[in-house]
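In: Sequence and predicted model, in that order:
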Amino acid sequence: MTHTVVAVGREAPFKEIVRTLEQWRVSALPVLEGEGRVVGVVSEADLLPKEEFRDSDPARVAQLRDLPDAAKAGAVTAEELMTAPAITVHAGATLAEAARVMTHQRVKRLPVVDDEGRLEGIVSRADLLKVFLRPDEDIEAEVRHEVVAHLFPGPGQTVRVSVSEGVVTLTGRVRDAVLVPAAARLIRAVEGVVDFDNRLTTAPPTTQPS
């Protein structure tokens, strides 16, 4: 996440919000109260109705005042403009959890808050995608030490790990294929992994001499 976050208070006027968005080149701002508690988010989409209804008949706008966009056309402060409650994510959330919230809520960025709802930072789509810049060598080392070494230890199992462009491939032989789905889940949870290619085979049971 980005720890340096620009935000506004409830009483911030319309033009100040526009200037702040332009100055910091962001598309949305957290709205704070008290000791930095996030109470809403004001975005470019919240500001556009002002322009959309600018040349409309005032009587027509009054008729539409119960519609969210028409109501925001008459708003002049962050409190009137903001979307509330704010869609946020806690600082301890994983990247996958943040991505799911963004996808389900259809937002481009999420304020990151502590247990009291105070702003700690902000995470954007670009921040989430940075994980895929992780070098293949780092991914390979983590998969080997944190997944393969735990699931497929001991003699009779030879598992090799290779990573190319974030795609993890396991080759070799294992005694029991039942652990392969677990390996797939753990590998896909490793940061920077794009996909998993399973090329493992099952070793025949070892026969004991009579």
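Out: The structure has been received and is ready for your questions.

In: okay, now residue 178: neighbour count?
Out: The burial count assigned to residue 178 is 9, neighbours taken as other CB atoms under 10 Å. Heads up, the C-betas are built off the backbone N, CA and C, glycines and all.

In: right, and residue 83 touches residue 46 too?
Out: Yes: contact status for residue 83 versus residue 46: in contact at 6.4 Å, counting by CB atoms under 8 Å.

In: and stretch 194-204, how far from the chain's centre?
Out: Mean C-alpha position of stretch 194-204 versus that of the full chain (CA atoms, centre = their mean, to the nearest Å) differs by 29 Å.

In: what stretches of the chain score poorly on pLDDT?
Out: Counting by pLDDT under 70, the chain shows low-confidence ranges at 52-70, 205-210.

In: Now do the strands in it.
Out: For the chain, the strands defined by DSSP state E cover 8-9, 28-33, 37-43, 89-90, 109-113, 119-124, 158-164, 167-174, 195-202.

In: These into a markdown table, with extra columns for distance to residue 131 and mean neighbour count?
Out: As requested, the strands of the chain are exported to a markdown table (distance: least, CB to CB, whole Å; neighbours: other CB atoms under 10 Å):
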| stretch | distance to residue 131 | mean neighbour count |
| --- | --- | --- |
| strand 8-9 | 30 | 18 |
| strand 28-33 | 22 | 23 |
| strand 37-43 | 24 | 22 |
| strand 89-90 | 15 | 17 |
| strand 109-113 | 15 | 24 |
| strand 119-124 | 11 | 20 |
| strand 158-164 | 14 | 16 |
| strand 167-174 | 14 | 18 |
| strand 195-202 | 14 | 14 |
